[in-house]
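Trainee: Quick one: sequence plus predicted model below, questions after.
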There are 4 protein chains.
Amino acid sequence: MKKEALTINGKTLQSRFFLGTGRYPNPFVQNEAIKASGAEVLTFALRRVNLEAPMEDSILQHLHGEAFHYLPNTSGASTAEEAIRIARLAKASGLSDWIKIEISASEKTLLPDPIETLKATEVLVSEGFTVLPYTSDDPILCKRLEEAGAHAVMPGAAPIGTGLGILNEYNLGLIVEDAKVPIIVDAGLGTASDVTRAMELGVDGILMNTPVAKAKDPVKMAMSMRLAIEAGELAYEAGRMAKKPYASASSPTSY
Amino acid sequence: MKKEALTINGKTLQSRFFLGTGRYPNPFVQNEAIKASGAEVLTFALRRVNLEAPMEDSILQHLHGEAFHYLPNTSGASTAEEAIRIARLAKASGLSDWIKIEISASEKTLLPDPIETLKATEVLVSEGFTVLPYTSDDPILCKRLEEAGAHAVMPGAAPIGTGLGILNEYNLGLIVEDAKVPIIVDAGLGTASDVTRAMELGVDGILMNTPVAKAKDPVKMAMSMRLAIEAGELAYEAGRMAKKPYASASSPTSY
Amino acid sequence: MKKEALTINGKTLQSRFFLGTGRYPNPFVQNEAIKASGAEVLTFALRRVNLEAPMEDSILQHLHGEAFHYLPNTSGASTAEEAIRIARLAKASGLSDWIKIEISASEKTLLPDPIETLKATEVLVSEGFTVLPYTSDDPILCKRLEEAGAHAVMPGAAPIGTGLGILNEYNLGLIVEDAKVPIIVDAGLGTASDVTRAMELGVDGILMNTPVAKAKDPVKMAMSMRLAIEAGELAYEAGRMAKKPYASASSPTSY
Amino acid sequence: MKKEALTINGKTLQSRFFLGTGRYPNPFVQNEAIKASGAEVLTFALRRVNLEAPMEDSILQHLHGEAFHYLPNTSGASTAEEAIRIARLAKASGLSDWIKIEISASEKTLLPDPIETLKATEVLVSEGFTVLPYTSDDPILCKRLEEAGAHAVMPGAAPIGTGLGILNEYNLGLIVEDAKVPIIVDAGLGTASDVTRAMELGVDGILMNTPVAKAKDPVKMAMSMRLAIEAGELAYEAGRMAKKPYASASSPTSY
């Protein structure tokens, strides 16, 4: 059940937007887009960070001093073992004890491996991490991740970087309906209406990177996405009108 | 081609939201929703207005003194002749020389009659009205209305009051692509993501009534719709990423 | 209301498939595809036929002697006047008094002109033709064509030659629901599932050309389309199960 | 890669239709529908069969003597252990060493449990069964099941008994693209066009029960589904035309 504010493992967030830091044309545009987005949580690949001196890293130094919350991810891992090792390094470096588990078994699609993702979730939860696994939209798998202690569950709308939008609204609705932890849509969205629609289905937040970074104007798109999240959240709360087959009809449509 | 600001027959509007004034739970909610929407143009059925004293009318008196622009409509008319007569009465009463032509041939669907709508457009344009016809999404008919002098063309997304959303994105995109006057989506939208999507397709504005008035919380929904229009407009301007079939692919998807 | 057999102006047809004769790789493939389709009505552009000796025409001579019924069309016409002239020539040549009215105002889309199509329908009906107008899927326009005496009405699923499938299932369903003459889907379909779906919506027949002629294997695709029409017709008659949101649910889904 | 004939673990099947035996109005309609379907493989729940005398069972006795191939399923199982036990009983009774693994963790949706399904597949493959697991449409999970030795993989189009059709065409297409064993769509289809579409996506077969059994006329719907499978298979083989945005365009649509 969605709460008024989004709280993950005790941390309350003012923004429902989780923004990735990769693939921008340049660091200036990256920073302007991050500001325009209003995002409070930033996500990035740990393999791209120098963990011996994370705050001097080229990705993170531009953001230093700001009040961002970091959600590093384990992209590049193809097994639970690899993901666990990456997460431990990040924690040891003092960077973050929040971790987005991302374990891809397919170079073609970067789709998450369900078995390895569940394993890594179990281990990292037991080690005290705040764990947010990226997963397929399989409703039972999402429930298994929740039962394994995930602090939020992050089903993909479509494969990473495709921009195809929400491929299966039904599954997303079902996941939300049965969830006891926050559901964050992660990956596959393409444009603002996808975001508004996801929020209308009742998800708690949106994680994206490519749709902002690869828009013709990333800063303007970041502003769009911010408003799209708010519009969708308000529509969800406001309760939409029923669909009807005709102007004159009083019962829902079966078309 | 969409311009930075929406201008209809020389009048530049700050908001792209045209809001209907009917079907709200009560006048207080109506007024709060109108305020929350940021709408500058209000639309209402002339047959519901006392044209002998329009400013004392129960619909309009609450709005008196505000800087709203009125777009009365001819709903209830089933022929060009009836619509023309109603429009002339409205002009004579001093209410407005803007007119939304709405001529329905079917009580079941309230869908617009293409032939009568075109006739009424020709006549009212020649009489100096600012004419905005409500029409089907037939791209050729929309072009004929433009050629007849319509100052904006208003295709329906779906039948009035159904909330079914955009039934034919292709047609809407084609209408926008070929238009030389503003295209306002009128009728059939249901929720915020429909609005964001319509704006992403390049339309110039949104006219709606039921989705706001019949939401569980009309004021909150009005706020949602306002943001949804802005989000869609920004996304249109920002230029979305290309769709791809896989993370690794560089060419657009054929799925 | 659909009848067991398809009857147009007194002529009962055994097949619900109307096949176009253009764009095949060669005449042999054309003939094999026509045979495989089981189509009884063939359609072709009159402007491509030598009306002084139609039976020696390169398009038609291959089909001579077979029991096909001809439905010539007026493609190339951009006004009612032109279409009427073409139809009269065809009748005078003894080729056919059935006519598919096709009046395109746009070279880009070949979409039908609603006003000119209605005019031509009125005139050709009054002259004793069996008139089948190609039209947009505007439900009111389809009703006007029926009222003007059209013997069947032929809404497009999508623009000619695009293969985009049924862009607006709602409109097609509405047209069928209110029709008193046969509804034939004409133009825009792409593959077999589009055809099956159209038949499930209750249409009386399918007219197509490009999806067969431009398939990699036109003869095999003609067989596919024939079966797809039968499958859709049987499903329509058999009455599909209700949709439900869950296995355990007894009421229809609202997703 | 799809082969001309469907072969599962060495057994070549003439029909691509796998039909369930439950939920028919009565045994007579059941038998007529089975005949009309042309199905060669019949599936049923083992928990509904008297395994001490399977051929006298009320479900199976009507079919005795026919050349059907049995694919019993483990529905009712909620763990791998339960499914394995049921499968062993079926084998011991001489009924079949083919088994459809069906392990549901949710009474509401009957969606399959990914972890338990994978476990049961590994065990039953090692025991010499011909194993066909019912699974979600998670492409990586389907690949894992193949790697575990499944002889065919059976992703659901939508939850069992819902008739919602193919909720995620993209995933189904991806599963087919990468598969080395036959892909059978199992569950969630509703009507003939769903079946035609699934076959066009390249799947090897269709398993269904409710859409036939709960149609108003199950026998006619069985005929429809049989033709729909053939139509979709032929369209897949024939190779559909490319989609284009306009009649005049030569490049694929981006709408």
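Mentor: Received it, and whenever you're ready, just let me know what you need. Numbers count the residues shown, from 1 in each chain, chains lettered A, B, ... in the order given.
Trainee: give the contact list for the closest residue to A:A157 other than its chain neighbours.
Mentor: Nearest residue to A:A157 in three dimensions, chain neighbours excluded: A:G188, at 3.8 Å (C-beta to C-beta, 6 or more residues apart in numbering or on different chains). Placement of C-beta: from N, CA and C, glycine included. Taking C-beta atoms under 8 Å, 6 or more residues apart in numbering or on different chains as the criterion, A:G188 is in contact with A:G156, A:A157, A:A158, A:P159, A:I160, A:T162, A:G163, A:L164, A:G165, A:I166, A:L167.
Trainee: quick check, A:M154 in a helix?
Mentor: No - applying DSSP: H, G, I helix; E, B strand; the rest coil, one finds A:M154 to be strand, outside a helix.
Trainee: which is the next helix or strand following the helix or strand A:L207 falls within?
Mentor: Applying DSSP states H and E as the criterion places A:L207 in strand A:205-208. Once the chain leaves strand A:205-208, the next helix or strand it forms, by DSSP H and E, is helix A:210-213.
Trainee: what sits against A:E146?
Mentor: So A:E146 contacts A:V153, A:A179, A:K180, A:V181 (C-beta under 8 Å, 6+ apart).
Trainee: which one of those is nearest C:K220?
Mentor: Using C-beta to C-beta, A:V153 is the member of these that sits closest to C:K220, with 45.6 Å.
Trainee: Is any residue of the longest helix along chain A near chain B?
Mentor: Taking DSSP state H as the criterion, chain A has its longest helix at helix A:218-238. Yes - Helix A:218-238 is in contact with chain B by C-beta under 8 Å from any C-beta of the partner chain, via A:218, A:220-221, A:223-225, A:227-228, A:230-232, A:234-235, A:237-238.
Trainee: Identify, from those, the entry nearest to chain D.
Mentor: Relative to chain D, the closest of those is A:M221; by C-beta to the nearest C-beta it sits at 18.2 Å.
Trainee: Now do the buried residues in the helix or strand where A:E177 lies.
Mentor: Assigned by DSSP H and E, A:E177 belongs to helix A:169-178. Neighbour counts using 16 or more other C-beta atoms under 10 Å in any protein chain shown place A:E169, A:Y170, A:N171, A:L172, A:G173, A:L174, A:I175, A:V176, A:D178 of helix A:169-178 among the buried residues.
Trainee: what's the answer for stretch A:215-230, then?
Mentor: Going by neighbour count (16+ other C-beta under 10 Å), the buried part of stretch A:215-230 is A:215, A:217-230.
Trainee: Do I have it right that A:M225 meets A:N209?
Mentor: No - if you go by C-beta atoms under 8 Å, A:M225 and A:N209 don't touch, sitting 11.0 Å apart.
Trainee: Could you check how far A:L42 is from A:G22?
Mentor: Taken as C-beta to C-beta, to the nearest Å, the spacing of A:L42 relative to A:G22 amounts to 11 Å.
Trainee: A:R240 now?
Mentor: On the measure of C-beta to C-beta, A:R240 and A:G22 end up 35 Å apart.
Trainee: For these two, indicate the residue with more neighbours.
Mentor: A:R240 (20 against 14; other C-beta atoms under 10 Å in any protein chain shown).
Trainee: quick one, strands of chain A?
Mentor: Remark: strands assigned in chain A by DSSP state E are A:6-8, A:11-13, A:17-20, A:41-45, A:69-73, A:98-101, A:130-135, A:154-155, A:184-186, A:205-208.
Trainee: can you tell which of those is closest to chain D?
Mentor: Among the strands of chain A, strand A:130-135 comes nearest to chain D, with 8.9 Å by C-beta to the nearest C-beta.
Trainee: Could you figure out how far the closest one is turned away from strand A:41-45?
Mentor: On the basis of axes from the mean of the first three to the mean of the last three C-alpha atoms, to 10 degrees, strand A:130-135 is oriented at 60 degrees to strand A:41-45.
Trainee: Can you give the distance of strand A:130-135 from its chain's centre?
Mentor: 9 Å (C-alpha atoms, centre = their mean, to the nearest Å).
Trainee: Repeat that for stretch A:89-99.
Mentor: Distance of stretch A:89-99 from its chain centroid, counting by C-alpha atoms, centre = their mean, is 19 Å.
Trainee: That stretch spans what distance, first to last residue?
Mentor: Stretch A:89-99 has an end-to-end distance of 11 Å (C-alpha to C-alpha, to the nearest Å).
Trainee: List the buried residues of it.
Mentor: Neighbour-count burial for stretch A:89-99 [16+ other C-beta under 10 Å]: A:L89, A:A90, A:K91, A:S93, A:L95, A:S96, A:D97, A:W98, A:I99.
Trainee: Tell me who's in contact with the last one.
Mentor: So that's A:I99. Residues counted as contacts of A:I99 (C-beta under 8 Å, 6+ apart) are A:L71, A:P72, A:N73, A:T74, A:A87, A:A90, A:K91, A:L124, A:F129, A:T130, A:V131, A:L132.
Trainee: ok, 6 Å please
Mentor: Applying C-beta atoms under 6 Å, 6 or more residues apart in numbering or on different chains to A:I99 gives the contacts A:A87, A:F129, A:V131.
Trainee: Tally up the residues packed near the closest residue in space to it that isn't next to it in sequence, please.
Mentor: Using C-beta to C-beta, 6+ apart and skipping the chain neighbours, the partner closest in space to A:I99 is A:A87 (4.4 Å). Neighbourhood size, A:A87 [other C-beta under 10 Å]: 27.
Trainee: Show the pLDDT at the closest residue to chain D within the stretch 151-255 of chain A.
Mentor: Of all residues in the stretch 151-255 of chain A, A:N168 sits closest to chain D, at 4.3 Å by C-beta to the nearest C-beta. With respect to pLDDT, A:N168 scores 98.
Trainee: ok, now how distant is it from D:D137?
Mentor: Taking C-beta to C-beta, one finds A:N168 at 8 Å from D:D137.
Trainee: joint contacts of those two?
Mentor: By C-beta under 6 Å, 6+ apart, the residues touching both A:N168 and D:D137 are D:N168.
Trainee: rewinding a little: what's the average pLDDT for the strand holding A:L207?
Mentor: Mean predicted confidence for strand A:205-208 is 97.
Trainee: before we move on, back to that, out of the buried residues of helix A:169-178, who's nearest A:T7?
Mentor: A:V176 (16.3 Å).
Trainee: the inter-axis angle of the helix holding A:E177 versus helix A:218-238?
Mentor: Calculated by the same axes, to 10 degrees, helix A:169-178 forms an angle of 60 degrees with helix A:218-238.
Trainee: Show me what helix A:169-178 is packed up against.
Mentor: helix A:139-147 (3 or more C-beta pairs under 6 Å, 6 or more residues apart in numbering or on different chains; DSSP states H and E).
Trainee: can we see that at 10 Å?
Mentor: Packing partners of helix A:169-178 (3 or more C-beta pairs under 10 Å, 6 or more residues apart in numbering or on different chains; DSSP states H and E): helix A:139-147, strand A:154-155, strand A:184-186, helix A:192-200.
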